[in-house]
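> curious how this folds, go ahead:
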Amino acid sequence: MRDNPLLLQTFEWHTPSHPPPPDQTSSQRSHYALVTRLLPSLANLGVSSLWLPPGCKANSPSGNGYDCYDLWDLGEFDQKYARSTKWGSREELGRLMDCAGREGVECVWDAVLNHKTAGDGTEVVWGVEVDREDRRVEICAPKKIEAWLRYEFPGREREEMKYSGMKWHAAHFNGTDWDQRGQKNAIFKLIDDPATYPKPTHQQQQSSGTNAGLSGIRARLAAKFRPDTPARRPGRDWAQDVDDEHGNYDYLMFSNIDHSHPAVRQDLMSWARWMVESTGVSGFRLDAVQHFSYNFTRDWVKEVQNVSRKTRGKDAFVVGEIWTGEVRRITKWLDVVGQGTYAYDSPLLYNFSRISEDVRKGSKNADLRTIVRDSLLESRPDAAVTLVTNHDTQPGQSSFTPMLAETKVLWYAFILLREKGFPCVFWGDLYGTQGPEAEPPACLVSDGKGGQKSLLVQLIMCRRLFAYGKQKDYWDAMSCIAWTRAGVRDKPGSGCVVVISIGETAAKEEGGNWTGKSIPFGSPGEVYVDVLRRGFKDEGDMEGVRIDESGVGFFPCRGLSSAVYVRRDAEGLERFPVAFELNAGAL
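Numbers count the residues shown, from 1 in each chain. Just a heads-up that it's a prediction; the model follows:
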């Protein structure tokens, strides 16, 4: 990867796409085609890796891919009412990958290995309902259910089961959410014939009865603090090496894959090899990793790394998704999987939200000095993929995380210009989101000339040009913190002073509310200018910050904003303000 790597998530939940019809292989209006057109400008800006959507065949033509049906169909086979996926055809994916290779940009595939959905037929299997708040607790007697667990893949079957001969059946799953026979939605754990294995013990039945009458937080507290642990039913069960939220968090949704089944393991390992060898992906984003076997994941990542070294001569980039405010749950997964694997720093994102909400409410508790408290960046900085928001936390989503729009420029300055952490920029923050709660691009400001510019774009370029060298923090105030990057010799013009402030803003006619830091930096007589203010109407009023005889400068920052200071003669400064087309659909 390049110096100061940067990952861009190339989609949001409501990203529109118009893939080619079944009798065609290309469309100028597909999302793959759009990303291909955007690639040169993204690479020039400083994007080194693209997080591609889960482009496997989904439940429906409009499915984003998290409703995965066939991992081996990347938009090549006519099944589930379409040949292409929502994002485009297999051929368009190939052109995108070729373009990325020419631009020196790597591609990270969003892999959904936890579940399948939209089975082609039903099968009768033994199952038992479990408590939603504690999945270890059975709340009914075992019974036969009819579940959509037969996956025939007719599109690939018409081509002699191209790529993989495996058809999936009930034996390859350990849970589901729908009983066709009983017309009931519930969490069903699939079990062996109860005539072969003993029924749950009296202890488990008691636990079931105790918990079944509770709901919400009361049930969770009861499961957490009761002294007895529900006895496990012998035989087929949930994976035990998963997160322990809800007692056992193996089950998430749809048809839950049993990763202990030999045929399942073999097929998923083969798919990993095929993806690296045939598509050219350089890494994987693993969806919902706390919901399937950690030991399987370790073995799967080992397979990925082996084939990546043979094919590309280097390790693949692998990052796991775990939504939690407890960093211990993330480090536990990292410790089991190992092999240089990364994880998204969801606790850091929640810290951004917490401080943002304090600012919005005018709380005196708003404290920038707590920004990394209990985060992955604090405990495992070399494993942290840092982010401000994504498709799960955007407005309208089930994991929506509130964030004051004006604070995003602070959080992006933080993840993009710090020494540690692998930053990820959200498509919706760069280009805007669509859907019922659509939002414009983040970090937009008036240029004072009747137009707007994106401070996020400027910050990304700052990362590419200036954010190098040893870091020193100046975190001595609740409302304003700063850090310096000393620069490196092989990056002319590198080095910067970054200040972020949640100080109250003031009326425009008052000139804004300014805070700042006195910081030793550079050499006496040097002058530093705020890159983010270049291109403003009042830029001419800026004399810059002159370093005094003692080597100290006072670096101001407008309230509820960020400032990035570099030497007035720094190489690359002439590129600011960076011109960038924010209307992706215009390209």
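
> contacts, neighbours, all on C-alpha from now
Noted.

> please enumerate the helices of the protein.
Assigned by DSSP state H, the chain shows helices spanning 31-45, 90-103, 154-157, 202-212, 216-225, 262-274, 294-312, 327-337, 346-361, 376-379, 408-417, 427-431, 455-465.

> in JSON lines, list the ones you listed along with mean neighbour count, mean pLDDT and distance to residue 244.
Shown next, in JSON lines, are these (neighbours: other CA atoms under 10 Å; pLDDT from 0 to 100; distance: least, CA to CA, whole Å):
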{"stretch": "helix 31-45", "mean neighbour count": "19", "mean pLDDT": "98", "distance to residue 244": "37"}
{"stretch": "helix 90-103", "mean neighbour count": "18", "mean pLDDT": "99", "distance to residue 244": "38"}
{"stretch": "helix 154-157", "mean neighbour count": "17", "mean pLDDT": "98", "distance to residue 244": "37"}
{"stretch": "helix 202-212", "mean neighbour count": "18", "mean pLDDT": "46", "distance to residue 244": "17"}
{"stretch": "helix 216-225", "mean neighbour count": "15", "mean pLDDT": "51", "distance to residue 244": "10"}
{"stretch": "helix 262-274", "mean neighbour count": "16", "mean pLDDT": "99", "distance to residue 244": "23"}
{"stretch": "helix 294-312", "mean neighbour count": "18", "mean pLDDT": "98", "distance to residue 244": "12"}
{"stretch": "helix 327-337", "mean neighbour count": "19", "mean pLDDT": "99", "distance to residue 244": "9"}
{"stretch": "helix 346-361", "mean neighbour count": "21", "mean pLDDT": "98", "distance to residue 244": "18"}
{"stretch": "helix 376-379", "mean neighbour count": "21", "mean pLDDT": "99", "distance to residue 244": "19"}
{"stretch": "helix 408-417", "mean neighbour count": "24", "mean pLDDT": "99", "distance to residue 244": "30"}
{"stretch": "helix 427-431", "mean neighbour count": "24", "mean pLDDT": "99", "distance to residue 244": "32"}
{"stretch": "helix 455-465", "mean neighbour count": "24", "mean pLDDT": "98", "distance to residue 244": "38"}
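
> nearest to residue 401, of these?
Distance to residue 401, taken as CA to CA, is lowest for helix 346-361 among the helices of the chain, at 6.7 Å.

> so which bits of stretch 382-402 are buried?
382-391, 393-395, 401-402 (16 or more other CA atoms under 10 Å).

> now render the helices of the chain as JSON lines, adding distance to residue 232.
Formatted as JSON lines, the helices of the chain follow (distance: least, CA to CA, whole Å):
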{"stretch": "helix 31-45", "distance to residue 232": "46"}
{"stretch": "helix 90-103", "distance to residue 232": "44"}
{"stretch": "helix 154-157", "distance to residue 232": "38"}
{"stretch": "helix 202-212", "distance to residue 232": "8"}
{"stretch": "helix 216-225", "distance to residue 232": "15"}
{"stretch": "helix 262-274", "distance to residue 232": "22"}
{"stretch": "helix 294-312", "distance to residue 232": "19"}
{"stretch": "helix 327-337", "distance to residue 232": "23"}
{"stretch": "helix 346-361", "distance to residue 232": "32"}
{"stretch": "helix 376-379", "distance to residue 232": "33"}
{"stretch": "helix 408-417", "distance to residue 232": "44"}
{"stretch": "helix 427-431", "distance to residue 232": "44"}
{"stretch": "helix 455-465", "distance to residue 232": "51"}
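
> between those, which gets nearest to residue 188?
That would be helix 202-212 among those, by CA to CA, at 14.5 Å.

> and for residue 196, the neighbour number?
Look at residue 196: counted by other CA atoms under 10 Å, it has 9 neighbours.

> any idea how far it is from residue 374?
Residue 196 sits 47 Å away from residue 374, going by CA to CA, to the nearest Å.

> cool, residue 88 as well?
40 Å.

> okay, those two: which has more neighbours?
Between residue 88 and residue 374, counted using other CA under 10 Å, residue 88 has the larger neighbour count: 28 against 16.

> residues contacting the more buried one?
Residues near residue 88 by CA atoms under 8 Å, 6 or more residues apart in numbering: 17-20, 26-27, 30-33, 75.

> again, but for residue 14
Here residue 14 is in contact with 433-435 (CA under 8 Å, 6+ apart).

> and residue 5, by the same measure?
Per CA under 8 Å, 6+ apart, neighbours of residue 5: 46-49, 422-423.

> list just the nearest of the residues you listed to residue 353.
Of all the contacts of residue 5, residue 353 sits closest to residue 423, with 16.9 Å by CA to CA.

> who does that closest one bridge with?
For residue 423, the beta-bridge partners are residue 386 (DSSP bridges).

> so what's residue 309 closest to, chain neighbours aside?
Distances taken as CA to CA, 6 or more residues apart in numbering place residue 315 nearest to residue 309, at 5.7 Å, with adjacent residues excluded.

> could you count how many residues lie near that neighbour?
Other residues lying near residue 315 total 19 when counted by other CA under 10 Å.

> break the protein into its domains for me.
For the chain, automatic domain parsing gives the domain ranges 7-112+262-446, 116-257, 468-575.

> residue 458: which of those domains is closest?
Of the domains of the chain, the one closest to residue 458 (CA to CA) turns out to be domain 468-575, at 6.6 Å.

> quick one: that closest one to chain centroid distance?
30 Å (CA atoms, centre = their mean, to the nearest Å).

> ok, now stretch 61-79?
Offset of stretch 61-79 from its chain centre (CA atoms, centre = their mean): 20 Å.

> residue 320 versus the closest residue to residue 389 other than its chain neighbours, what's the distance?
Setting aside the residues directly before and after it, residue 389 is nearest to residue 426 in space (CA to CA, 6+ apart), at 6.4 Å. Look at residue 426 and residue 320: by CA to CA, they are 17 Å apart.

> got it, and residue 437?
The value you get for residue 437 to residue 320, if CA to CA is used, is 27 Å.

> what of residue 376?
Look at residue 376 and residue 320: by CA to CA, they are 13 Å apart.

> residue 481 too?
From residue 481 to residue 320 the distance is 30 Å (CA to CA).

> more neighbours: which of those two?
Neighbours per residue (other CA under 10 Å) separate residue 481 from residue 320, with residue 320 holding more: 25 against 22.

> ok, the more buried one touching residue 345?
No - Residue 320 is not in contact with residue 345 according to CA atoms under 8 Å; the separation is 9.8 Å.

> closest one to residue 455 among the domains of the chain?
Closest of the domains of the chain to residue 455 is domain 7-112+262-446, at 5.3 Å (criterion: CA to CA).

> what residues are bridge-paired with residue 107?
Following DSSP bridges, residue 107 is listed with bridge partners residue 50.

> and for it, the neighbour number?
That count, for residue 107 with other CA under 10 Å as the rule, works out to 24.

> just checking, it touches residue 47?
No - the pair residue 107 / residue 47 is not scored as a contact, 10.9 Å apart, by CA under 8 Å.

> what about the closest residue to residue 318 other than its chain neighbours, distance to residue 132?
Counting by CA to CA, 6+ apart, residue 318 lies nearest to residue 284, which is 4.9 Å off, once chain neighbours are set aside. Per CA to CA, residue 284 is found 30 Å from residue 132.
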